[in-house]
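> Sequence and computational prediction follow.
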Amino acid sequence: MIALSLAEIAEVVGGQTHDIPDPSVQVTGSVVRDSREVAPGSLFVAFVGERVDGHDFAEAVVAAGATAVLGSRPVGVPAIVVPDVQKALGALARHVVRRLGATLVALTGSAGKTSTKDLIAQVLQHKAPTVWTPGSLNNEIGLPLTALSATEDTKFLVLEMGARGIGHIRYLTDLTPPKIGLVLNVGTAHIGEFGGREQIAQAKGELVEGLPPSEDGGAAILNADDPLVRAMASRTKAKVILFGESGEADVRAENVRLTDSGQPSFVLHTPSGCSDVTMRLYGEHHVSNALAAAAVAHELGMSASEIATALSEAGSLSRWRMEVTERPDGVTIVNDAYNANPESMRAALRALAAMGNGRRTWAVLGRMAELGDEALAEHDAVGRLAVRLNVSKLVAVGGREASWLQLGAYNEGSWGEESVHVSDAQAAVDLLRSELRPGDVVLVKASRSVGLESVAEALLAGGAEGEVVAG
């Protein structure tokens, strides 16, 4: 964070200082909520959770070097006390962002946010110092913490914005007003909470509504291939830039193909020229993500050749997202278990089919959460797609939703031994250990709550130490 005195922080957040001998002392380090991340000069933010109260760590974090605690009650060590810690954190982030000279890029969408954010960050790093959201910390706590990690040297701040309802993104854009806003897609993730795709589009479009007008440098980057996203052009006063495979897109891909290992290759077209890209990531769905990143980079002054070089070098910065590891015996494990929705599940299955290239393929799939009334149909459709893509084996893990996956596979192709329903992750591991052969490719994917990353980790541990191929 940029250096701020405790007195200034207290004024910004509307707090009272307690047990602070010298309010002119500055916070010169990071703002953290995890006591294990405290370093000299940090500001520790004490949240009260269901199981842990951050205030209980106050003495320990100050002993570890924290300058002070931001909390909701006095703690016997230097502290700034506020009525609402979350609101105070947001106010501090808003203040710091206004002080920074960085260009703020925000993105949202139903699927692909984190992968695209990682691509944007890596591309912009080629141009200037960049700070970005770690992992998927894209909510009202994670976003301000990311913004507060920027320093005077930061030129680009890339923030992922998530939403679980109308008004959520509007709140986030108020905390950290973006100059460039990117909307990837409107899918069915969290549709059970929103109630429909139109409501999801309404929520995602709040991002472009929060942009400055074009004459002030505002730019809305929209997916030309998604009608609900493209329609958001009418909701912004910012300059509109379209990306996609549509011929009308300002930034588009041509001659898209997959290499023998399933990595996308294409010709990148931008208003300033074109250049060849071959990505290190796996799956054709990354083409759209790459085009989104390219549109951001082009708007910020990078040439087509610079963008293409950066995209071709980029990997995954976040765990368990198409993380490809090859064991010494030739079995390839694709750990995409961080989360799942119908769009990302279909993309992962297509990537698995492309990576197979004559090898046996296994889809180890579990529940997709928060689909509401669409859950049965969407799980059934994923099972059917596995059959149509000629996946060799489907292992459906868990309860009711897993049975729907298997039912879809059976109804599509009258599968028998090609599909199996197991009760939990350990049962899946036991099955795979007994049946995997050298050269097989295994995809592991489900919603985060299922915890299927343990399957991938067990298979790697059981197959000796593997070599990470990408990610």
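In hand now; what should we look at?
> And the helices in the stretch 251-400 of the chain, which stretches?
Ranges of helices in the stretch 251-400 of the chain, per DSSP state H, counting those that start in this stretch, are 286-299, 304-313, 342-356, 375-388, 400-413.
> For burial, what's the neighbour tally of the residue nearest to G366 when sequence neighbours are not counted?
Leaving out its chain neighbours, the residue that sits closest to G366 by Cβ to Cβ, 6 or more residues apart in numbering is A446, at 2.9 Å. Yep, even glycine has a C-beta here, placed from its N, CA and C like the rest. A446: 29 surrounding residues under other Cβ atoms under 10 Å.
> cool, and Q86?
For Q86, the tally of surrounding residues (other Cβ under 10 Å) stands at 14.
> doesn't it fall inside a strand?
No - read with DSSP: H, G, I helix; E, B strand; the rest coil, Q86 is helix and lies in no strand.
> residue contacts, it?
By Cβ atoms under 8 Å, 6 or more residues apart in numbering, Q86 lies in contact with F47, E140, I141.
> Can you select the buried ones from these in ChimeraX?
Burial among those is assessed by 16 or more other Cβ atoms under 10 Å; the matching ChimeraX selection reads:
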select :47,141
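> how about CSV for the contacts of Q86, with distance to V186 and secondary structure added?
Formatted as CSV, these follow (distance: Cβ to Cβ, whole Å; DSSP: H, G, I helix; E, B strand; the rest coil):
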residue, distance to V186, secondary structure
F47, 32, coil
E140, 22, coil
I141, 25, coil
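> in which helix or strand would I find the spatially most central residue of the chain?
The C-alpha lying nearest the average C-alpha coordinate of the chain belongs to T114 (Cα atoms, centre = their mean; 2.0 Å). T114 is part of helix 113-125 when elements are defined by DSSP states H and E.
> Now do the following helix or strand past that helix: distance to the chain's middle.
Of the helices and strands lying after helix 113-125 in sequence (DSSP H and E), the nearest is strand 130-132. Distance, stretch centre to chain centre, for strand 130-132: 14 Å (Cα atoms, centre = their mean, to the nearest Å).
> surely L107 meets N185?
No - using Cβ atoms under 8 Å, L107 is not in contact with N185, being 10.9 Å away.
> re earlier: what residues does the helix holding T114 touch?
105, 107, 109, 130, 132-133, 135-136, 138, 156, 158, 160, 162, 182, 184, 281, 286, 289-290, 292-294, 296-297, 300, 302, 307, 310-311, 313-318, 321-322, 338.
> Can you turn the buried part of the residues you listed into a PyMOL selection?
To isolate the buried members of those in PyMOL, using 16+ other Cβ under 10 Å:
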select buried, resi 105+107+109+130+132+133+135+136+138+156+158+160+162+182+184+281+286+289+290+292+293+294+296+297+300+302+307+310+311+314+316+317+318+321+322+338
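> Tell me where the model's unsure across the stretch 251-400 of the chain.
Residues of the stretch 251-400 of the chain meeting the criterion pLDDT under 70: none.
> who wins for proximity to A60 among the helices of the stretch 251-400 of the chain?
For A60, the closest of the helices of the stretch 251-400 of the chain is helix 342-356, at 39.4 Å, according to Cβ to Cβ.
> any idea which of the contacts of Q86 is the one closest to P78?
Nearest member of the contacts of Q86 to P78, counting by Cβ to Cβ, is F47, at 18.0 Å.
> so that closest one sits right up against G54, yeah?
Yes - contact criterion Cβ under 8 Å: F47 and G54 qualify, at 5.0 Å.
> and L211, how many neighbours?
24.
> what's near enough to touch G273?
Contacts for G273 (Cβ under 8 Å, 6+ apart) come out as S303, A304, S305.
> Wait, the first one touches S272, no?
Yes - S303 is in contact with S272 according to Cβ under 8 Å; the separation is 6.0 Å.
> N138 touches E160, doesn't it?
Yes - when contacts are counted by Cβ under 8 Å, N138 is listed as touching E160 (4.1 Å).
> Dump the C-alpha coordinates for stretch 86-101 into CSV.
Below are the C-alpha coordinates for stretch 86-101, written out as CSV (Å, rounded to 0.1, in the frame of the first residue of the first chain):
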residue,chain,number,x,y,z
GLN,A,86,-16.0,-4.0,5.9
LYS,A,87,-17.2,-0.5,5.1
ALA,A,88,-14.0,0.9,6.6
LEU,A,89,-11.9,-1.3,4.4
GLY,A,90,-13.8,-0.2,1.4
ALA,A,91,-13.4,3.5,2.3
LEU,A,92,-9.7,3.0,2.6
ALA,A,93,-9.5,1.3,-0.8
ARG,A,94,-11.5,4.1,-2.4
HIS,A,95,-9.1,6.7,-0.9
VAL,A,96,-6.0,4.9,-2.0
VAL,A,97,-7.2,4.3,-5.5
ARG,A,98,-8.0,8.0,-5.9
ARG,A,99,-4.4,8.7,-4.8
LEU,A,100,-2.9,6.3,-7.3
GLY,A,101,-1.9,7.2,-10.8
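> could the contacts of Q86 go into CSV alongside pLDDT and distance to I2?
Putting the contacts of Q86 into CSV (pLDDT from 0 to 100; distance: Cβ to Cβ, whole Å) gives the following:
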residue, pLDDT, distance to I2
F47, 97, 23
E140, 95, 21
I141, 95, 20
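> now, among the contacts of Q86, which is nearest to E326?
E326 has its nearest neighbour among these in I141, at 36.8 Å by Cβ to Cβ.
> which phi and psi does the closest one have?
Phi and psi for I141, reported as degrees, to the nearest 10, are phi -110, psi -50.
> what about it, distance to L172?
11 Å (Cβ to Cβ, to the nearest Å).
> Kindly report the same for R388.
38 Å.
> the more surrounded of the two?
L172 (29 against 12).
> Contacts only, for the more buried one.
A106, E140, L143, L159, M161.
> Quick one: the helices of the stretch 251-400 of the chain as CSV, columns for distance to V61 too.
Shown next, in CSV, are those (distance: least, Cβ to Cβ, whole Å):
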stretch, distance to V61
helix 286-299, 37
helix 304-313, 38
helix 342-356, 37
helix 375-388, 43
helix 400-413, 41
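> Most tightly packed of those?
helix 286-299 (a mean of 27; mean count of other Cβ atoms under 10 Å).
> between it and helix 113-125, how many degrees?
40 degrees (axes from the mean of the first three to the mean of the last three Cα atoms, to 10 degrees).
> Quick check: which helices or strands does helix 286-299 pack against?
In terms of contacts (3 or more Cβ pairs under 8 Å, 6 or more residues apart in numbering; DSSP states H and E), helix 286-299 is packed against helix 113-125, strand 180-183, strand 219-223, strand 239-244, strand 251-258, strand 264-270, helix 304-313.
> Pretty sure A409 sits against G416.
No - A409 is beyond contact range of G416, at 10.0 Å (criterion: Cβ under 8 Å).
> which one of the contacts of G273 sits closest to G14?
The shortest gap between G14 and any of the contacts of G273 belongs to S303, at 46.0 Å (Cβ to Cβ).
> With just CA atoms, put stretch 328-345 into CSV.
Only the C-alpha atoms of stretch 328-345 are listed here, as CSV (Å, rounded to 0.1, in the frame of the first residue of the first chain):
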residue,chain,number,x,y,z
PRO,A,328,6.2,-40.3,-15.2
ASP,A,329,4.1,-43.2,-16.5
GLY,A,330,2.5,-40.9,-19.1
VAL,A,331,-0.9,-40.4,-17.4
THR,A,332,-1.9,-36.8,-17.7
ILE,A,333,-4.0,-35.2,-14.9
VAL,A,334,-6.1,-32.1,-15.8
ASN,A,335,-7.0,-30.5,-12.4
ASP,A,336,-9.8,-28.0,-13.2
ALA,A,337,-11.5,-28.6,-9.9
TYR,A,338,-11.6,-25.0,-8.5
ASN,A,339,-15.2,-24.5,-9.6
ALA,A,340,-17.7,-25.5,-12.2
ASN,A,341,-20.8,-24.2,-14.1
PRO,A,342,-22.4,-25.5,-17.3
GLU,A,343,-20.3,-23.2,-19.5
SER,A,344,-17.0,-24.1,-17.9
MET,A,345,-17.9,-27.8,-17.7
